[in-house]
Structures are given as structure tokens and as C-alpha cells.
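J.: Dropping a prediction and its sequence here:
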Amino acid sequence: MSQHIIFLVLRRMRRPLIALIFIYAIATFVLTLIPGVDPDGNVWYMSFFHAFYFVSFMGSTIGFGEIPYPFTDPQRYWVLACIYISVIAWLYAIGTLLSLVQDESFKQAVTNQQFSRSTTKLNTPFYIICGYGDTGRTLTQELCNLGFSVVILDKDPNSILDLPLHEFGSAVHALVCDITIPENLINAGLYNPQCQAIIALADNDHTNLKVAVSAKSLQANLLTVCRAQDQAEIANLKSFNTDVICNPNEIFANRLIGSIKNPNIESIANRLISQKTPLNQSDELPENPSHKLLETVESAPDGAWIICGYGKLGRIVKAHMDANNIPVTIVVENKQYQSYHHNDATHEPSLPEGYPENYIDGKGTEAHTLEKAGIQNAVGLIAGTQDDANNLSILLTAQQLNPTIYTVGRLNQKHNKLLYNSAKPSNVFRDHQLMADAILTRLTRPMVTRFLQKMVTLDSQQADQLNQSLNELALGDTLITWRLHLSTESTPAVAAVIQQQSQQKSQQNEQDQGQEAISIHHLQQATPASQQTQKSYCLMLKRAGQCELLPAPTTLLQRGDELLFCGNKLASVRMLQMTQNIELLDNQLNSSLHHIPLLRWFARQRA
Amino acid sequence: MNLEKVIFAFFIILSLTLNFGFFIGDINDQNHHHVYELYAALVVSIIATILKFGDRSHLGAVVLASSLVADIQLIAAAVIWGLASQQNTGIDSSTMASIVSLAGGALVANTISVILLISETMVLRR
């Protein structure tokens, strides 16, 4: 790529350079031919050395005078001509160079080169985001706060205009290019081993599909995240093993149904997904961000629902509600029906494809349409059209007609957020926020995502209990989740104890050391003094590919286990110390056996 | 026929012929080597080098390299000549020998250029 620019310059400069050399050569040559007269009256001829010296300073119009002797008139005639010709040659050369620098394609080549140089040189973990819309913006901000670098590709130069003005915590590289061209993905650092994932967030499903398919075929092992709304495209994405397919409508529908049918689980999920970025990154471990409840969302009621707007969102929500036996009425504007009235056509318009039989025709912004849809008896309403102004109008009308109704507003454009603050719907569907949260959780905390997926299998009693415990814990403290992987590298102390115990077991050591086998609750136990302030729950245990939810505290630890904990910060710090420091862990396990550290050390040596 | 190709080949072959013309003769006899011929060989060689700029093919790269070698050798010869001629004693035979041997090195590089040019033409013909 760098050679490309040099060759571009050389090729464009060929003609002016030849002209320059040609003129210099002629000027020098003729000067050596014209006879001069020295002060003594002898005829002399200029040597090439002197001639070239003279032409050099004449051509650049410095002018040191006539050397080595004053010129004769014929010499002066020739020099006069040479001055003008050489100036023109110089102007030609410099002009060509300047026009080359201003050339759009040249500028593009330089930008591309700088970009690909900076991405291939990236030696910290980074993510590639294709498509810089509202979701991309939120995601970039969050990833930067976590200390990752981000590479942004977008086709629209206007979308990344605000990037230089924005202060991100870490390096953000952006390039305007067509993301469907695989070469641009390679330029963005697809082959860089530090590349963590590629995230396709363009508005167009098919564009995302192209990105995903090129990423998968170029780098099969790279985590590929793709946004898709169309069912056919989703099926296509699944066919070539796209790692994560994010459908904002699906996420929303799932969470809404979860909120209606199983509010406890939804509440836990909400708590774990929304995350607060640590202020001081240096002392936070990866996969260790704290959580806060961004906004308390009251759980949605069970009963009759009204959905205004029957696009992709409406269809998915209706399908989910039908599956859960929630009665739902669709309010949608039938464009065919209107044209039927307008044109006085003779035949009744057919039902548009996929429309339910009992839909109510209308925008939903008028009171009579909503009354017709049964708003007085409905418990919930979703304003889900693609027009924010209409959604707002629907919300306000619905709240007037039925003040107790649970309303969900769909926010299409981030900048309309202020309007929604005044309407105060019970819940807001912001697809960019949902997407960013889901993707961020998946990328930076895969264990949490796994837990959330498995969590639906919890029975209501367990879920209720966990929700209450987490709520209690979150009252005075920020919740954080962290992951422990029991290996010699990450948790040397735990690994050593496990190995020691297994050796004792295999030797059939009759003499009981009085040492308990290490299990989860040992890690969780607090020092007596601070028992009140540190608490943690083990959410999940992953062993040999199998996940166990809420494992019993007495579960014995094994090498290679992955554990997901949730608790307050103090507990996490304490636990991480214990996994690193064998003294602390030993004290925890054998405190009853040896009180004196020296004896403890001795006992360990003997074992 | 392509005018660009004609000019390209013209300068490459001309730089070889001029170089050869300067080189031929007794290595230390000043009467056999004229300064104008060296000058012409140098100018033509530099122009030939610039003509080769911007060719990204592998062969183009080798031709450019050989041409740069010829330039450096000829410039070195010209500089020695220029320095020696400013001395009161003029150019002695040992200086002349070193000038001509430098030009001889340039001749080899120019020959390689021409061989490559011809071989490329042969490949195209087939």
C-alpha cells in the first residue's frame, strides 16, 4: 500500500521531471560551447563543472553572478533564454506535484494507507464496527470506556464527522468506505490477531450479511456479530455459523414477554445487562464491570394488549404474545383500504399479507381508533410505528383515555429522546440501546450472556429468591459480576490447593489432615470482621462444557472450572486476593488447624 | 505501435550506445574519451531512469534498479572528471582509467537493461 503511493507520485511526476532534466541538460551543454573571454583577453570555454554549477543556481533564480569570469554577450543571450525556460520547467514540476496532492483519489489513497497502517499496528485488543449509527455510537463509547480500541467503518462520510470532536477513552480509528468490499475489512485489521470481533450494524440487513459472510470466509475463527431483522436473512446468517445474530425486535419481544410472565427473571436480567462502566479502569479485571439499574422498569401486566403499528416489531411481538396466550389487538393503517375509499374502486380490498383477521384500521393517534381497539379494557399498549411523532401522539392519547394503562413507546431516533421524557411511557423500546447492551454483554461478559440464556429454566421460587437477594445486595452497593477460571495462570492458589488435595487422595493418605476439600463457599467466606459488608452469590458453574445454575455452596471445585459470581465490590476484591494468595486461602481452609503462620507453612511443606 | 514504447526503448538503447561510445578505446588515453560523450550518456541515462518510474511489474523493478546503478556509476565518473579537470595538472592517465572503468560498470548495467527490454518484447511477441 505504501509503495502504491510512491508509484503514484513517480508516475505522475515522470513528464515534468524529464522536462526539467532536458532543459538543464541543454542549458549546461550550450554554455560549454559558447566561447568566453577572460580578463587577460584569452578565449576560454566553460567546463561542465562550472556550467552545471551556474545553471543550478540560475535555474533556482538564486543568482550568484557570472563566474568564473564576467560573461560575453553571446553567453548572456543564452543565459537570458535559459532563465525563462527553467522557471517555466520548475513551475510545471511544482504545479504537477501540488495538483497531485490535492487530487481526491490521491488523498483517498493517503488516508487509506494511514488507516491500514494504524490498524495493522494496533497491538491492544480492538473491535471492528461496521456501520456507525446510534447503536454503533453507543457501543463505541462503551467499548472505549472498557479500554478497548475501536475501528469504525461506514459508507457515509457525514456519520463519522463528529468522531474527532468526541472524546473517547481509547484509540478510535475511522474510515469512510464501502463495508461490503472485503478488502476494506482486511484494511480495518481483520487479520490482526488482536482483533476481538467484527460487529455489523448497518441499517440494511443484506449489507450486514455481506460483512458477516466475508468476515467468516476470511477469518473463520473471528467472533462475528450481526444485526438482522429479516427472517430470511437471519436464516441465511445462521447457515454459515454467524456467532451472534442480534434482532432488536426479538430481544424486545422476549424481554417484554419475560416482564409479563416472569417479572423476577426479567428484573435479574435487567440488572445484569445494564452495566456501569468502571471509572478507574486500571484496577478492574476484564469481565468485571459493575452493574446498576439504569432505570427501574415496572413489570408489564398480564391481560389484553394493543399494538399500534404492524411492521417487523409488531409482528414479532404479536407472535410471541400469541405463543404465550396473551390476547392482543393490532391497530394498523391499511393503505390499500384507504385507496379503495379514495378511488371508489369496485372490489373490496384484500387483506394485506400477514395481517391478522381482526385488526383495527387506523393510525392509533386518534381516540376513536383506540376506543374501537378496546383501550378501556386493555392493560398494555405498544406504540410501535416507525414514526416517533405518531408514537408520541398514540402514547398521549392512550394515557388520556386510560390513565392506568401500561404504555410502551418505540423510540426510532435517538435525538427524539427528550420528547419521550415528557410523555413518560412505562417502558421505552430503544433498539439502539437494547442492541448495544446485548452485544456489549455478549462481547465482554460471555458468561453473563450464557447465564441469562439459561436463567429461564429457573423455577419461579428460585428466581424470586435470587431477585430478592440481588435487590437487597444492590440497596447499599453497586453490584458487579466477575468470572473465575480455575487454572494455574489465573488462580494459582486455588489450583495449587486442588492439586495438593487430589494428590493426597490418590496416595490414599490414611492420616487425615483435617483439611476440608475446597468448595465454592470457601472462596465466598468473608473475614469475620467484615462479614456484614461483603456478600456474593455464585450464579453459574461451567464444568466440561456443562453449565450448572446457582450451584450449591458445598460443590467441590475442580481444575478448569469456570465460575460466575455476582456481589459487591469488596467481595470481589477479597475473592480475587484469595485466589492469588495461598496464605489467605490456606488460612480460610485450615484456620482451625494451625493458627501460627510458621506452623502452617511447615505443615504445607510436609504435605 | 505505441509512441510511448518507442520513446522508452529509444532512451534505453541510446543510453547504452552513448555509454559504449565513451567506454571504447584505451582505458587511460584521454584522446579516446570525450567529455561531451560522457555528459550525453549521463543525461540520457537519467532520463531513461525517470521513464522507468512507476512501472509496478517485477521486470520493471529490475530495469529501474539497473538503470539506477548506471546513473550512480556515470555520476561518479562525471564527478571525478570534474574534480580532476580543476587541478592545474589536468587529468592524468590513472584518473582517466578510473573514470573509464566506472563508465564500463555503467555499460554493464545498461546492457542488462537492454537485455531485459528485449526479453520482455520477446515474451510479448509469443
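T.: That came through, no problem.
J.: Quick check: residues of chain B near chain A?
T.: B:35-36, B:39, B:43, B:46-47, B:50-51, B:53-54, B:56, B:78, B:81-83, B:85-86 (Cβ under 8 Å from any Cβ of the partner chain). (Glycine included, C-beta is placed from N, CA and C.)
J.: how does it look with 10 Å?
T.: Within chain B, the positions near chain A by Cβ under 10 Å from any Cβ of the partner chain are B:7, B:11, B:35-36, B:38-40, B:42-44, B:46-56, B:60-61, B:64, B:78-79, B:81-86.
J.: Next step: these restricted to strands.
T.: For the residues of chain B next to chain A, not one is inside strands, with DSSP state E as the criterion.
J.: hmm, which of the residues you listed are the buried ones?
T.: Among these, the ones that count as buried by 16 or more other Cβ atoms under 10 Å in any protein chain shown are B:11, B:35, B:38-40, B:42-44, B:46-55, B:60, B:64, B:78, B:81-82, B:84.
J.: Read off the pLDDT value for the single nearest residue of the stretch 401-550 of chain A relative to chain B.
T.: Nearest to chain B in the stretch 401-550 of chain A, going by Cβ to the nearest Cβ, is A:Leu443, at a distance of 40.4 Å. Model confidence at A:Leu443, given as pLDDT, is 83.
J.: how near is the residue nearest to it when sequence neighbours are not counted to A:Gly131?
T.: Setting aside the residues directly before and after it, A:Leu443 is nearest to A:Ala197 in space (Cβ to Cβ, 6 or more residues apart in numbering or on different chains), at 5.8 Å. Distance check for A:Ala197 against A:Gly131: by Cβ to Cβ, to the nearest Å, it reads 14 Å.
J.: For A:Asn343, give me the pLDDT.
T.: For A:Asn343, the predicted pLDDT is 53.
J.: Wait, A:Ser267 touches A:Met455, no?
T.: No: assessed by Cβ atoms under 10 Å, A:Ser267 is found out of contact with A:Met455, at 11.1 Å.
J.: intersection of neighbour lists for the two?
T.: A:258, A:463, A:466 (Cβ atoms under 10 Å, 6 or more residues apart in numbering or on different chains).
J.: Now the last one: which helix or strand?
T.: In this assignment (DSSP states H and E), A:Leu466 forms part of helix A:460-476.
J.: Could you tell me the phi and psi values at A:Leu411?
T.: Dihedral angles of A:Leu411 (phi, psi; degrees, to the nearest 10) stand at phi -100, psi 110.
J.: An error on my part: the question was meant for A:Ile128.
T.: phi -100, psi 120.
J.: Look up the closest residue to the residue of chain B found nearest chain A, ignoring the ones flanking it.
T.: Here the residue of chain B nearest chain A is B:Gly54; by Cβ to the nearest Cβ that distance is 2.9 Å. In space, and not counting its chain neighbours, B:Gly54 is closest to A:Arg11: 2.9 Å by Cβ to Cβ, 6+ apart.
J.: Could I get the contacting residues of the one you found?
T.: A:Arg11 neighbours (Cβ under 10 Å, 6+ apart): A:100, B:53-56.
J.: which SSE is it in?
T.: Counting by DSSP H and E, A:Arg11 is part of helix A:2-33.
J.: So which bits of that helix are buried?
T.: A:8-10, A:12-14, A:16-21, A:23-32.
J.: so how far is that helix from its chain's centroid?
T.: From the chain centre to the centre of helix A:2-33 is a distance of 50 Å (Cα atoms, centre = their mean, to the nearest Å).
J.: Quick check, A:Thr554 in contact with A:His521.
T.: Yes: taking contacts as Cβ under 10 Å, A:Thr554 lies within contact range of A:His521: 6.5 Å.
J.: Settle it for me: which of these two has more neighbours?
T.: Ranked by neighbour count (other Cβ atoms under 10 Å in any protein chain shown), A:Thr554 and A:His521 place A:His521 first, with 14 against 11.
J.: could you list every residue that touches the more buried one?
T.: So A:His521 contacts A:538, A:552-555, A:588 (Cβ under 10 Å, 6+ apart).
J.: The residue of the stretch 401-550 of chain A closest to chain B - how many residues pack around it?
T.: With other Cβ under 10 Å as criterion, A:Leu443 counts 21.
J.: any idea which helix or strand comes after the strand or helix carrying it?
T.: Per DSSP H and E: A:Leu443 is located in helix A:431-444. Later in the chain than helix A:431-444, the nearest helix or strand by DSSP H and E is helix A:446-455.
J.: ok, the contacts of A:Arg11 vs A:Trp601, which is closest?
T.: Distances from A:Trp601 to the contacts of A:Arg11, taken as Cβ to Cβ, are shortest for B:Arg56 (69.6 Å).
J.: Apart from its chain neighbours, what residue comes closest to the closest one?
T.: A:Phe7 (5.6 Å).
J.: mind listing the strands in the stretch 451-600 of chain A by residue range?
T.: For the stretch 451-600 of chain A, the strands defined by DSSP state E, counting those that start in this stretch occupy A:479-485, A:536-543, A:546-549, A:562-568.
J.: and the second one, which strands flank it?
T.: Which is strand A:536-543. strand A:546-549 (antiparallel), strand A:562-568 (antiparallel) (DSSP bridges).
J.: If you average the pLDDT over that strand, what comes out?
T.: Here the average pLDDT along strand A:536-543 is 82.
J.: angle of it against helix A:446-455?
T.: 90 degrees (axes from the mean of the first three to the mean of the last three Cα atoms, to 10 degrees).
J.: Any idea how far strand A:536-543 is from the middle of the chain?
T.: With Cα atoms, centre = their mean, you get 27 Å for strand A:536-543.
J.: Equivalent analysis for the first one, please.
T.: Here strand A:479-485 is found 21 Å from its chain centre; the criterion is Cα atoms, centre = their mean.
J.: strand partners of it, parallel vs antiparallel please.
T.: Strand pairing (DSSP bridges) places strand A:479-485 next to strand A:290-291 (antiparallel), strand A:562-568 (antiparallel).
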